[in-house]
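Q: missing the sequence, but the structure's below:
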């Protein structure tokens, strides 16, 4: 049987992990800038991250109840991973 404080701690952990995921995907901005400046990076890693984020976002949206930390953590990865991919091509 879980205690209410355990659920609260898990909720805080989920949002802390969400914050770190967003920080990780924001780091794509530097790669996007380099790509646009003509210093092309590989498209494979950001494409894989983008597709992974799509799957995790769908998982979070279709879970019962919805898993908002997972959704919030992965939406920036979809957008920035896609931008990093297309600018690397």
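A: Sure, I can see it. Everything numeric here is computed off the predicted structure, so don't read it as measured data.
Q: show me the contacts for the residue nearest in space to the middle of the chain.
A: Closest to where the C-alpha atoms of the chain average out (CA atoms, centre = their mean) is residue 74, at 3.0 Å. Contacts for residue 74 (CB atoms under 8 Å, 6 or more residues apart in numbering) come out as 21, 52, 53, 54, 56, 57, 60. (C-beta placed from N, C-alpha, C; glycine too.)
Q: Give the next helix or strand downstream of the lowest-mean-pLDDT helix or strand in the chain.
A: Lowest by mean pLDDT, DSSP states H and E among the helices and strands of the chain is helix 4-26, with a mean of 85. Next in sequence after helix 4-26, counting helices and strands by DSSP states H and E, comes helix 28-36.
Q: How far away from the center of its chain is that following helix?
A: Chain-centre distance of helix 28-36: 17 Å, with CA atoms, centre = their mean, to the nearest Å.
Q: Please apply the same query to stretch 24-40.
A: Per CA atoms, centre = their mean, the centroid offset for stretch 24-40 relative to its chain is 16 Å.
Q: Identify the residues contacting that stretch?
A: In contact with stretch 24-40 (CB under 8 Å, 6+ apart) are residues 41, 46, 49, 53, 76, 77, 80, 81, 83, 84, 87, 88.
Q: again, only this time at 10 Å
A: 41-43, 45-46, 49-50, 53, 73-89 (CB atoms under 10 Å, 6 or more residues apart in numbering).
Q: just stretch 53-66 next, same as before
A: Counting by CB under 10 Å, 6+ apart, 21, 25, 67-82 sit against stretch 53-66.
Q: Please identify the buried residues of it?
A: With burial defined by 16 or more other CB atoms under 10 Å, the residues of stretch 53-66 counted as buried are 53, 54, 56, 57, 60.
Q: start to end distance for stretch 30-41?
A: Counting by CA to CA, to the nearest Å, you get 11 Å between the two ends of stretch 30-41.
Q: This completes my enquiry, with thanks.
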